[in-house]
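> I would like to see how this sequence folds:
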Amino acid sequence: IPKLHFPRLPAKDLERNIWYVGACDRYKAEEALRIKNKNGAFLVRDSSKGIPDKPYVLLVYYRFKVYSIQIRYLEDTKQYALGSGLRGHDIFYSVPDIIEIHKNIPLRLIDRRDQSGSQMEQCILTVPLTLH
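From the prediction side, this is the model:
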């Protein structure tokens, strides 16, 4: 079994990343992405749900839509996963790992109104958005 060598960053280290906007209102974050109007523009904000196993949300702009992707925290392994987990998931050691990997590997974007997943888009993260 190959060993994975990724740094395990505590959550507070997110603040060093320009794409992390903290406790930002969802509508303000979505509006900022729409104004930027660039495919692959993205940011990460704190989840308003306030549940420890769903701490963050990745917002991605693609083809005039903003996609909201839940970032889940897996307590048992101290790792992170994207999305609802209904279609399986990739595991990451940190939120910055998720961002770095999806700068090269397309992210699956599923419109929440299309539960079948037939309208799935793919997009790489290209433009980190900052609200500072």
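> And the residue positioned nearest the centre of the chain, which helix or strand is it part of?
Closest to where the C-alpha atoms of the chain average out (CA atoms, centre = their mean) is residue 58, at 2.6 Å. Per DSSP states H and E, residue 58 falls inside strand 54-62.
> Residue 96 too?
Going by DSSP H and E, residue 96 is in helix 95-101.
> where in the chain is pLDDT low?
Applying pLDDT under 70 to the chain picks out residues 1-12, 86-89, 112, 114-119, 132.
> How many neighbouring residues does residue 52 have?
Residue 52 has 9 neighbours, counted by other CB atoms under 10 Å. Bear in mind the C-beta positions are built from the backbone N, C-alpha and C, glycine included.
> Would you list the strands that the helix or strand containing residue 73 pairs with, along with their directions?
Taking DSSP H and E as the criterion, the element that holds residue 73 is strand 65-74. Taking DSSP bridges as the criterion, strand 65-74 pairs within the sheet with strand 54-62 (antiparallel), strand 79-82 (antiparallel).
> right, so those: which one is the most enclosed?
strand 54-62 (a mean of 21; mean count of other CB atoms under 10 Å).
> Need the contact partners of that one.
By CB atoms under 8 Å, 6 or more residues apart in numbering, the residues outside strand 54-62 that reach it are 11, 14, 26, 29-30, 33-34, 36-47, 66-73, 82, 95, 98-99, 107, 109, 121, 123, 125.
> Thanks a lot, see you next time.
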